[in-house]
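# can you look at this prediction? I've put the sequence above it.
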Amino acid sequence: MGNKGRWEYLQAIYERYRKAGRKDKKAILSEFCANTGYNRKYAIRLLNGPQPEERRRPSRPRGVSYTQQTVQVLTAVWDAAGYPWSVRLKALLPAWMPWIRKRFRLQPGVEKQLLKISARQIDRRLKAVKTQRRRRIYGRTKPGYLLKHHIAVKTDRWDVQRPGFTEVDLVSHSGNSASGEFAHTLNVTDIHTTWTESGAVLGRGEEAVQRALNEIAEGLPFRLLGVDSDNGSEFINWHLKRWCEQKDIQMTRGRPYKKDDNAHIEQKNWTHVRKLLGWERYDTAEAVEAMNDLYRHELRLWLNLFLPSVKLLKKVRVGSKVRRVYDGPRTPLERVRACPQADRVQVARLEELRKSLDPFQLARTIERKLERVYCLANRRLSPKEVQKTGSKTGREKGYGIDIGIRSPVFPVTPPYMRVRIRRFGGLSYRLRNS
């Protein structure tokens, strides 16, 4: 008797066994064991257990809906876009379709699949090419005490409905040594539109930081209304406070040692700076000039005009878990365009510029400029590699927007810092590039 027959036999005698007396149960059990070959104790558990139900016919596994060519094109777009989160990638595909169609010569079936694929299916299709990477963070911020009690502390949640209120921070490019003068990246992100600008300075002097912030403010497609920083002396000084008062800009700061107070800019420090330039040391004027050439031209256009992002709307507690609710993916330019306070002349110019640019060509130009920056790094004071096989490029060291996936390398630093160097693009984080 097969398994199906045994199960049907159990269904047939189950009710009769449950209604029978002690003597009849013994006879039914002996007959059941003799016919099925079950151990007596196992048979008792079956007959005294839950009522056997009709076994469902196992469903046939779903066939593959997306062709290999679709997955290859999806992977190439994911690479070129800097490895965005699946929800952002799905929103990016229709916007990039004119250039995708031209570059990959898509067949109608492949284009249809790319436009209908879901975010969850994107995660499944790209699972094989995603690798786990970890990061390490250097901290070079020293507190400024001079104006600490004259600048308001902002700890409440950002709830602004207009562009102009920003978070700012410096990212150090010191390599393995904090001695001497080295480059910093001034990073500025707008809370409402997620528009982000960067600029490089040599050292972190008060005047240099203020000049870089002034240049960034002049290039924004909206008026700068607020600056929220950490407690570093590069921001907490009379020079910057006087500049903010002259420009009628609100100046606030976070609490000491509370990075969550500046969560938006801390995230951009990773996605917009560290994943590109890594942890190399840049300490020359030539390196700063090369970094600014990248920040002020191709990179700002690529990030703000072509890459969509999502914003956290609210958090809902469900039992012991917190569910995050996000808005729809949109590029920073689309968010700026929807704001009545934006500079309409600049927005129109940016929209015309976007139509004339190719995001794939823009990505290659960024990669070429990154290689030039890598060549200007101070190798003696930068993290070393485990196996020295000659000078390596930035992409081989794990930085940049490398179109081909390369293996990450391990720096020779103290054991507690031996973690994988993550290159530009990697996996998306919980903050979803807000």
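Cool, got the structure.

# output stretch 303-315 as PDB - backbone C-alpha positions only.
In PDB, the C-alpha atoms belonging to stretch 303-315 read as follows (Å, rounded to 0.1, in the frame of the first residue of the first chain):
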ATOM      1  CA  LEU A 303      23.100  62.500  -8.500                       C
ATOM      2  CA  ASN A 304      20.500  65.300  -8.600                       C
ATOM      3  CA  LEU A 305      19.000  64.900 -12.100                       C
ATOM      4  CA  PHE A 306      19.000  61.200 -12.800                       C
ATOM      5  CA  LEU A 307      19.000  59.200  -9.500                       C
ATOM      6  CA  PRO A 308      15.600  58.900  -7.700                       C
ATOM      7  CA  SER A 309      15.400  58.600  -4.000                       C
ATOM      8  CA  VAL A 310      12.600  58.100  -1.400                       C
ATOM      9  CA  LYS A 311      11.800  60.000   1.800                       C
ATOM     10  CA  LEU A 312      10.600  58.600   5.100                       C
ATOM     11  CA  LEU A 313       7.000  59.800   5.700                       C
ATOM     12  CA  LYS A 314       6.200  58.200   9.000                       C
ATOM     13  CA  LYS A 315       6.900  55.200  11.300                       C
END
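
# and that stretch, which residues are buried?
Using 16 or more other CB atoms under 10 Å as the test for burial, stretch 303-315 gives Leu303, Asn304, Leu305, Phe306, Leu307, Pro308, Ser309, Val310, Lys311, Leu312. No exception for glycine: its C-beta is placed from N, CA and C like everyone else's.

# got a list of what Arg40 touches?
Residues counted as contacts of Arg40 (CB atoms under 8 Å, 6 or more residues apart in numbering) are Leu29, Cys33.

# for Tyr9, see how far away it is.
Arg40 is 16 Å from Tyr9, where distance means CB to CB, to the nearest Å.

# now do Lys90
52 Å.

# in the strand or helix carrying Ala91, which residues are buried?
Here Ala91 sits within helix 86-104, counting by DSSP states H and E. Buried residues in helix 86-104, counted by 16+ other CB under 10 Å: 86-93, 95-96, 99-100, 103-104.

# out of those, flag the one nearest to Ile28.
Closest approach to Ile28 among the buried residues of helix 86-104 (CB to CB): Ser86, at 56.9 Å.

# residue boundaries of the strands in this protein?
152-153, 165-173, 183-190, 196-202, 226-229, 250-253, 312-318, 321-326, 384-385, 411-412 (DSSP state E).

# contacting residues for the closest residue in space to Leu313 that isn't next to it in sequence?
Excluding the flanking residues, the one nearest Leu313 by CB to CB, 6 or more residues apart in numbering is Val325, at 4.9 Å. The neighbours of Val325, taking CB under 8 Å, 6+ apart as the test, are Leu312, Leu313, Lys314, Lys315, Val316.

# out of the residues you listed, give me the two with the largest separation.
Leu312 and Val316 (11.4 Å).

# can you list residues touching both of those two?
Arg324, Val325.

# can you map out the helices along the stretch 251-400 of the chain?
Using DSSP state H, counting those that start in this stretch, the helices of the stretch 251-400 of the chain run over residues 263-268, 275-277, 285-294, 300-301, 332-337, 344-356, 359-375.

# and Ala342, how many neighbours does it have?
Ala342: 23 surrounding residues under other CB atoms under 10 Å.

# wait, it sits on Arg335?
No: in this structure Ala342 lies outside contact range of Arg335 using CB atoms under 8 Å: 9.2 Å.

# avg pLDDT for stretch 177-196?
Average pLDDT, stretch 177-196: 91.

# quick check, distance from stretch 334-341 to the centre of its chain.
23 Å (CA atoms, centre = their mean, to the nearest Å).

# contacts for it?
If you take CB under 8 Å, 6+ apart as the criterion, stretch 334-341 is touched by 162-164, 192-195, 221-223, 308, 342, 347, 351.

# report the buried members of the residues you listed.
Arg162, Pro163, Gly164, His192, Thr193, Thr194, Trp195, Pro221, Phe222, Pro308, Ala342, Val347.

# closest to Ala119 out of these?
Pro308 (12.2 Å).

# now that closest one. Nearest residue, chain neighbours left out?
Pro329 (4.0 Å).

# run a quick neighbour tally on the one you found.
23.

# what residues are up against it?
Here Pro329 is in contact with Val87, Arg88, Lys90, Ala91, Leu92, Pro308, Ser309, Val310 (CB under 8 Å, 6+ apart).

# I'd like the residues you listed as TSV, with distance to Arg124 and pLDDT appended.
Output for the contacts of Pro329, formatted as TSV (distance: CB to CB, whole Å; pLDDT from 0 to 100):
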residue	distance to Arg124	pLDDT
Val87	14	90
Arg88	17	89
Lys90	13	91
Ala91	18	91
Leu92	18	90
Pro308	21	92
Ser309	22	89
Val310	20	88
